[in-house]
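# could you work out the structure for the sequence below:
(chains A and B)
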There are 2 protein chains.
Amino acid sequence: MTPSAAALDTIRSEVDRSLREFVDRQRPLVGAPELAPLVAAAEEFLAGGKRLRPAFCYWGWHGAGGDDDPALFTAAASLELLQASALVHDDVMDASDLRRGMPSAHRRFQAMHEKSGWRGSAEQFGEGAAILLGNLLLIWSGEMWRNSGLPAESLAAAQRIHDHMRTELMCGQYLDLLEQAHEENTFDSALRVALFKSGKYSVEQPLRLGLVLAARGREPWIDRLCEEYGRHVGIAFQLRDDILGVFGDPAETGKPAGDDLREGKRTMLVARALAAATPSQARTVEETLGDPDLDAAGVAGLRQIIEETGALAACENMIKEYLDHALASLEGAPITPESRTALADLAVAATSRRT
Amino acid sequence: MTPSAAALDTIRSEVDRSLREFVDRQRPLVGAPELAPLVAAAEEFLAGGKRLRPAFCYWGWHGAGGDDDPALFTAAASLELLQASALVHDDVMDASDLRRGMPSAHRRFQAMHEKSGWRGSAEQFGEGAAILLGNLLLIWSGEMWRNSGLPAESLAAAQRIHDHMRTELMCGQYLDLLEQAHEENTFDSALRVALFKSGKYSVEQPLRLGLVLAARGREPWIDRLCEEYGRHVGIAFQLRDDILGVFGDPAETGKPAGDDLREGKRTMLVARALAAATPSQARTVEETLGDPDLDAAGVAGLRQIIEETGALAACENMIKEYLDHALASLEGAPITPESRTALADLAVAATSRRT
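Next comes the predicted model:
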């Protein structure tokens, strides 16, 4: 095991521990037996995940000279609550049935309603409960961040970034909804959605938070590193996500094959495919993309078009270029050598993942 | 105009101003033209409302000796963002078409999608956009609270209450969903829902926040006042809401007549009606309550049962008793005389309102 892989294991176990402790501290408030399904759903959601966001935050902190500190792990772990909130709400908005191979939160609450033979619409109950679960996770993420135990000066220095990150995330997701709905999808708009709905809060801002917490302020080199490394890894991370949404193995992604095609996601992959498609290919895309009942043959047909138009190769190439750019920008950054190595490894892991 | 009515006018205009300034400060972040409908929806939502929560917060602050301070108005105004978030999400969860006589947020986004002739389901787009709008308002409420400019010691003293209030609200709304779905509805469970989904965050906690911000800490008399006055006014406030949901005048409430009946809300009013109903009345309630297509005759029939069983009179009586209890508890509270008068007036206003 490389040193940075060993460090990632430590980060993961510290994040797991912090999240368990945080939820435990909430129990007096959420201890009523009727609330148990809500808390259980939160816990189950928090038990999974690659912990990439906390890792970027940790290596930012370490890179700017921060020592290992339980308070930092707690602050970094709070990013997983934000991410869990986004996933729960995403699945409601996309009407997704599965998440990590298990029923999504709203389907889980819907099943509880059906099994109990309750009154009213089980589907509406499921959606309502999932909206509230997502809200609870969103509130808790801010609470855990603020109460992490980090020095007040560190938190004050990073607070504005933290606030912006969350507004950017909601606006980015709204732009994503628009992108699926609009007639026109350009490379530029696909790139902007990739940056705002995911890249920023997955990579750039967690890294910036860690750096600014340790440095207790923004500095030009921090913003440069976040833009050159963080932003490029963030976009490449989302481009990989787009590819996995079309070509991913359901056994690994925990999502049905070609899920993004059924949901009609207008990603860079689709924008590039349409830009290079023959009239007949373009017609097939327009007619089948976003069909919720798209079968295996339909998925295979769209995959073929995405490959034949060169869109897949183009996106793989973009990922490689963004990654190379990010790795090069690490060279001159005035961060600790351990952080430089770990951020390089993380960039590769985040952009070559299979889940 | 009485002194406390004049003060309420001042509170309202200060709250309006603070909210406008807060949204203006967000513009650099949300200035992209595509985000304009999101920001416009937020602004429109924030322009309305009775400002009761800020008023309870203000009079708590004043009662514990706090001077007029723009920072306090800002902190108090942030409670309107929390309330706006809850309303936007509520309307999605209840599939409500109207809010204050205008289309609800999700219907508004749905209409935008339909009018633009966009791709995909307009309904799904509307719901997704409204979920994100609610999230944005929820995030902003915490941000505005923290950045109000109040002294750090005040904010630190009140932070735990602020955190708890938000978790209580989400859990209370989940209990409300359960209450609509469950087979059994008791007086106790109806009362608990009234307290947690609304009473606490509408009255008790805003008041406690104001008191603790000024006193820079919790004191036994503060908790006593919040429980004896705040909790009782809060429950009576929600009981009034329940009555307006069935008997309110659409021209005043901005909601269709009998909306709560169509949505199948299991309130104290319904619990009391069922407890005193004849078998034939009970059958009518079970068969028609929650029917989304309930017509005017159906609404009239249910209203008649609620009146004939004495449920309406019983709820009016509960409101009166809770109000009397609250007013009596103000007598010995060590707060400023102006605050005592204003809180008495506010209690009457909150529980006798027609909208």
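# now the helices for the stretch 151-300 of chain A?
Listed in chain order, the helices of the stretch 151-300 of chain A (DSSP state H, counting those that start in this stretch) span A:152-181, A:187-194, A:205-215, A:220-225, A:232-247, A:250-253, A:259-262, A:268-276, A:279-288, A:296-308.
# tell me which of those helices sits most buried.
Sort the helices of the stretch 151-300 of chain A by mean neighbour count, taking mean count of other CB atoms under 10 Å in any protein chain shown, and helix A:205-215 sits at the top with a mean of 27. Glycine gets a C-beta too; all of them are placed from N, C-alpha and C.
# that helix: how far from the chain's middle?
Chain-centre distance of helix A:205-215: 18 Å, with CA atoms, centre = their mean, to the nearest Å.
# likewise stretch A:63-72?
For stretch A:63-72 - counting by CA atoms, centre = their mean - the centre lies 23 Å from the chain centre.
# for the record, mean pLDDT for it?
On average, the pLDDT along stretch A:63-72 is 95.
# cool, stretch A:281-290 as well?
Rounded mean pLDDT across stretch A:281-290 is 94.
# contacting residues around it?
The contact list for stretch A:281-290, computed with CB atoms under 8 Å, 6 or more residues apart in numbering or on different chains, reads A:180, A:261-264, A:270, A:273-274, A:277, A:294, A:298, A:301-302, A:305, A:308-309, B:119-120.
# switch the cut-off to 7 Å
Identification of contacts with stretch A:281-290 by CB atoms under 7 Å, 6 or more residues apart in numbering or on different chains yields A:261, A:263-264, A:270, A:273-274, A:277, A:294, A:298, A:301-302, A:305, A:309, B:119-120.
# select, out of the helices of the stretch 151-300 of chain A, the one closest to residue A:65.
helix A:205-215 (5.6 Å; CB to CB).
# the closest one packs against which elements?
Applying 3 or more CB pairs under 7 Å, 6 or more residues apart in numbering or on different chains; DSSP states H and E, we find helix A:205-215 packed against helix A:52-63, helix A:70-94, helix A:152-181, helix A:220-225.
# go again using 10 Å as the cut-off
Under the contact criterion of 3 or more CB pairs under 10 Å, 6 or more residues apart in numbering or on different chains; DSSP states H and E, the helices and strands touching helix A:205-215 comprise helix A:52-63, helix A:70-94, helix A:152-181, helix A:220-225, helix A:232-247, helix A:337-352.
# can you list those helices in a markdown table and add distance to residue B:254?
What follows is the helices and strands packed on helix A:205-215, written out as a markdown table (distance: least, CB to CB, whole Å):
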| stretch | distance to residue B:254 |
| --- | --- |
| helix A:52-63 | 41 |
| helix A:70-94 | 26 |
| helix A:152-181 | 26 |
| helix A:220-225 | 47 |
| helix A:232-247 | 41 |
| helix A:337-352 | 48 |
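# and the host helix or strand of residue A:19, how far from the chain's centre?
Residue A:19 belongs to helix A:3-26 when assigned by DSSP states H and E. On the basis of CA atoms, centre = their mean, helix A:3-26 sits 18 Å off its chain's mean C-alpha point.
# what packs against the helix or strand following that helix?
Later in the chain than helix A:3-26, the nearest helix or strand by DSSP H and E is helix A:36-47. Contact analysis of helix A:36-47 by 3+ CB pairs under 10 Å, 6+ apart lists helix A:3-26, helix A:70-94, helix A:105-116, helix A:122-146, helix B:152-181 as its packing neighbours.
# one more time with 7 Å
By 3+ CB pairs under 7 Å, 6+ apart, helix A:36-47 packs against helix A:3-26, helix A:70-94, helix A:105-116, helix A:122-146.
# what sits up against that helix?
A:19, A:23, A:30, A:80, A:84, A:88, A:105, A:108, A:112, A:133, A:136-137, B:174.
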